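K.L.:
Let's see this in three dimensions:
(chains A and B)
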Amino acid sequence: MLYRENGQFKTSYRSDQQIFPIAQDRIAIALLVAFAFLGVPLLASEYLYTSILIPFVIMSLAALGVNVLVGYCGQISLGSAAFMAVGAYGAYNFFVRVPGLPLIPTLILGGLCAMFFGILFGLPSLRVKGLYLAVATLAAQFFSDWMFLRVKWLTNDSPSGSVSVTQLKVLGMALDTPLARYLFCLSLLVVIALLVKNLVRGAIGREWMAIRDMDVAAAVIGIRPMYAKLSAFAVSSFIIGVAGALWAFIHLGSWEPAAFSVELSFRLLFMVIIGGMGSIMGSFFGAGFIVILPIALNRLLPAIGDLVGVEFSTTAVSHTELITFGGLIVWFLIVEPHGLAKLWSMGKQKLRLWPFPH
Amino acid sequence: MAFFLETLIGGLMAGMLYSLVALGFVLIYKASGVFNFAQGAMVLFAALAMARFAEWFPAWTGIASPVLANILAFIAAGALMFVVAWLVERLVLRHLVNQEGATLLMATLGIAYFLEGIGQSLFGSDIYPIDIGMPKDPVFLFDTVFPGGILVNQEDVIAAGIAAALVLALTLFFQKTTTGRALRAVADDHQAAQSIGIPLGRIWVIVWCVAGAVALVAGMIWGSKLGVQFSLTTIALRALPVVILGGLTSVPGAIIGGLIIGVGEKLSEVYLGPYVGGGIEIWFAYVLALVFLLFRPQGLFGEKIIDRV
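P.N.:
You can find the predicted model right below:
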């Protein structure tokens, strides 16, 4: 009843082409963004910021980047964590070696480093396709693991590649409270999400999707595969690189190469697949699911153990976590292979007909 | 020269062991089009089962002979892998027919997490030895030809022998038996195979069983080499370049690919490693595979990829 588009007439090209053509969607999104910026700071505790909200926001950004490559351009990548690592260490090098460089340009430079790295490891995609490419992208992962462990110059000669940053400032304001960090990450996320949304509904996004759906057919109708694929790699790894720099600078503070292991690559891909390939909204859903699930399991399992009178040791908890995580993922893929975004759009469709479905 | 040969032989042996793991990938991909990321977890699971059963059987039944205990443990672990294969087909694959490659890949990653978790809760998460009586001492060969001879690890030689025997057995199984023929038919064309009455579900169970058995052998050998521990799962990641180098659908490709990667890894580590800080084995294998792929995108022996619009 509330969710209807009847009577919303489009009288100009401008209104026909806006991001959310339905007025209710616009209101809902505006409310959501307002809540994220204004409502959450009133409610959240310090624990909520550091262990859920900030990781969720940064991982959403990373998932968004992965989604550009995997969901929109159809190039499966198992090396996303490597792009994050390059972004993080690239930003770190600029931060340490260029005194007085403000934080935002540092992050962007980190993203640019990741972009070049991404283009380099995206080159094989011109020749190699599908699962072969997926495995080939693992080369980026293992190369970056090795590079940040062994090439001392990149980590400012610190042993075992562990580095740290302190005293972050944005526009003269210190990022010393969790709230400030959260708001900073959130603002970046909103800006980049808007940019990506506009990219994917523009010409270049359509090229990516054409390549994803059938690359030979796309080439036949005049889309340059090289340009389309490499631009997807560039945009995607830039975003992932910025997310990696944020993850390192804001969330971790001090980190080592193991923070960006192949495990993280898998999790990023999980976010995209579970959230929904080729959907901006899906990236947020997926990131939420993958970030919150382990924390929820970690807290729930001992509680359930107390209920039934079984004492869970920490190793038992971590094993049960693995089992539940794996089981849930398989179950989820079976129930909804198109991801949470599909559920969302189905829900919206139902809501349109409610309360009088045919 | 002797040193070069020593490295070369070491590389070939290591390559044989990689191809053992790679075989598991190829078998499942051939028959069901699933890229099975759970192969590493299966290796760990099988090795854990084998190690722990070999420890438990003497305690339960009072068998004194370690050989008998090992054989019983091998059979029990094999049976367990059969159950795993059956459950995977029943609970997962059956429901994911006709899904995209990426979805299936992620599903096997889910299975991998599940197996890792359940394997470690059932069998424990410490480092366990598997002692199947392999000689551990290195021997010197050709000491008449080269001064000092060539140092070869006996254990590796035996392991490579087992791997070769397994490959031979698998080839015979695929070429000479009715089931093998059915498997090849399914690999060739799912629909055509189904239309002449080959039960797809049963074939998948069989293939996952065979992959489970290969995982068990691989787990046994790697386990007796390094001890059974969680890091066995990473062996799958080291076998992946072998798979794509040889071609996802080719059994001989897995062997040849394994040998190339094994040799390439060792030679690069010895001759190139010192200049760049060492530890380059793992990414070098990937880059090597990538270079091959640039010339043959379907791997050395893979089926030619034909694009149709």
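K.L.:
now do the same end-to-end measure for stretch B:300-309.
P.N.:
25 Å (C-alpha to C-alpha, to the nearest Å).
K.L.:
buried residues in it?
P.N.:
By neighbour count, with 16 or more other C-beta atoms under 10 Å in any protein chain shown as the criterion, the buried positions of stretch B:300-309 are B:L300, B:F301, B:G302. Every C-beta, even on glycine, is put in place using the N, C-alpha and C of the backbone.
K.L.:
What lies in contact with that stretch?
P.N.:
The set of residues that contact stretch B:300-309 without belonging to it, under C-beta atoms under 8 Å, 6 or more residues apart in numbering or on different chains, is A:129, A:214-217, A:220, B:245-250, B:252-253, B:256-257, B:292, B:296-298.
K.L.:
Could you pull up the mean pLDDT of that stretch?
P.N.:
Over the span of stretch B:300-309, the pLDDT mean works out to 76.
K.L.:
distance between that stretch and the chain's centre?
P.N.:
The chain centre lies 24 Å from the centre of stretch B:300-309; the measure is C-alpha atoms, centre = their mean, to the nearest Å.
K.L.:
ok, now how distant is B:G279 from A:E256?
P.N.:
For B:G279, the distance to A:E256 (C-beta to C-beta, to the nearest Å) stands at 15 Å.
K.L.:
With neighbour numbers in mind, choose between the two.
P.N.:
The neighbour comparison of B:G279 against A:E256 (other C-beta atoms under 10 Å in any protein chain shown) goes to A:E256, with 17 against 14.
K.L.:
Return the members of the contacts of stretch B:300-309 classed as buried.
P.N.:
The neighbour count (16+ other C-beta under 10 Å) marks A:129, A:215, B:245-250, B:253, B:256-257, B:292, B:296-298 as buried among these.
K.L.:
ok, of those residues, which one's closest to A:I304?
P.N.:
The shortest distance between A:I304 and any of the buried ones among the contacts of stretch B:300-309, using C-beta to C-beta, involves B:L248 and amounts to 41.8 Å.
K.L.:
Spit out the contact partners of the nearest residue to that closest one once chain neighbours are set aside.
P.N.:
When the adjacent residues along the chain are set aside, B:L248 lies closest to B:Y29, with 5.0 Å between them (C-beta to C-beta, 6 or more residues apart in numbering or on different chains). Listed by C-beta under 8 Å, 6+ apart, the contact set of B:Y29 reads B:F35, B:N36, B:V243, B:L248, B:T249.
K.L.:
For the first one, give me phi and psi.
P.N.:
Backbone torsions for B:F35, taken as degrees, to the nearest 10, come to phi -90, psi 110.
K.L.:
That one and chain A: what is the separation?
P.N.:
Here B:F35 is placed at a distance of 5 Å from chain A (C-beta to the nearest C-beta, to the nearest Å).
K.L.:
ok, now how distant is that residue from A:G275?
P.N.:
Using C-beta to C-beta, B:F35 is found at 21 Å from A:G275.
K.L.:
where does the stretch 201-350 of chain A come near chain B, residue by residue?
P.N.:
A:214-217, A:220, A:262, A:266, A:269-270, A:273-274, A:277, A:315-316, A:319-330, A:333-334, A:337 (C-beta under 8 Å from any C-beta of the partner chain).
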